[in-house]
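Peer 1: need a structure here:
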Amino acid sequence: MPYGDIILQAETTQFRINRDVLAKHSPVFEDMFAVPQPLNEPTMEGCSIVHVSDTAKDWELLLEMLYDPFRCEDTLPFDLVASMLRLGRKYEFKAAKENAKSRIHHEFPAKLDSWIEVEMISTKIEFQEGFEVDLLNLVYECEITSSIPVAAFSLSSYVEPRIASF
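Peer 2: Numbers count the residues shown, from 1 in each chain. This next block holds a predicted model:
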């Protein structure tokens with residue numbers, strides 16, 4: 001963003017953004033920006049640099065959602081939902097986290113018979129090929145325990161049985 005006032009650096013990627021956008025959505029960033037920064041901190045084009053330990057892809061996806069909220073459709077790509085959940089948990093982006101969790105709960109409810117009904121109606125997550133293991137890892141990582149059994153069951157339905165040959 002040409003008018004951003006901070007640089008967020010994730011991995012080797014830098015995002016020039018407005019601190020007010022982050023502070024509005026995240027109490028973690030709100031608190032961070034409330035503390036005066038040392039005068040000798042490195043800057044780029046007059047902007048403070050904030051280093052984060054997350055992936056650049058997660059930040060790219062979340063920032064696209066924060067800066068373009070009308071992009072949020074009924075169905076979101078799995079990668080975006082995962083980024084919303086990961087960064088939402090870590091930095092307390094409450095709306096992003098709750099939106100992602102509700103999509104996962106919709107797709108993988110606590111009860112198997114509810115999951116069978118979901119397959120007949122619209123989905124809230126656009127899954128890419130090979131997402132199954134990533135999804136199961138995500139629900140474990142983010143402790144969405146009520147969705148773990150159905151997510152694991154759905155994973156088993158995608159795995160083709162292999163017959164060992166000797």
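Peer 1: Look at Ile163 and report its pLDDT.
Peer 2: If you check Ile163, the pLDDT there is 50.
Peer 1: got it, and Asp5?
Peer 2: At Asp5, pLDDT is 92.
Peer 1: Pretty sure it sits against Met44.
Peer 2: No. Using C-beta atoms under 8 Å, Asp5 makes no contact with Met44, being 11.5 Å away. To be clear about C-beta, it is placed using only N, CA and C from the backbone, and glycine gets the same treatment.
Peer 1: mind checking the backbone torsions on the most centrally placed residue in the chain?
Peer 2: Of all residues in the chain, the one closest to the mean position by C-alpha atoms, centre = their mean is Ser83, 1.7 Å from it. Note on Ser83: its backbone torsions stand at phi -60, psi -40 [degrees, to the nearest 10].
Peer 1: wait, isn't it in contact with Leu61?
Peer 2: Yes. When contacts are counted by C-beta under 8 Å, Ser83 is listed as touching Leu61 (4.0 Å).
Peer 1: What about Ser53, how many residues nearby?
Peer 2: 7 (other C-beta atoms under 10 Å).
Peer 1: Just give the closest residue to it, not the sequence neighbours.
Peer 2: Spatially, and ignoring its direct neighbours in sequence, Ser53 is nearest to Ala10 (7.9 Å; C-beta to C-beta, 6 or more residues apart in numbering).
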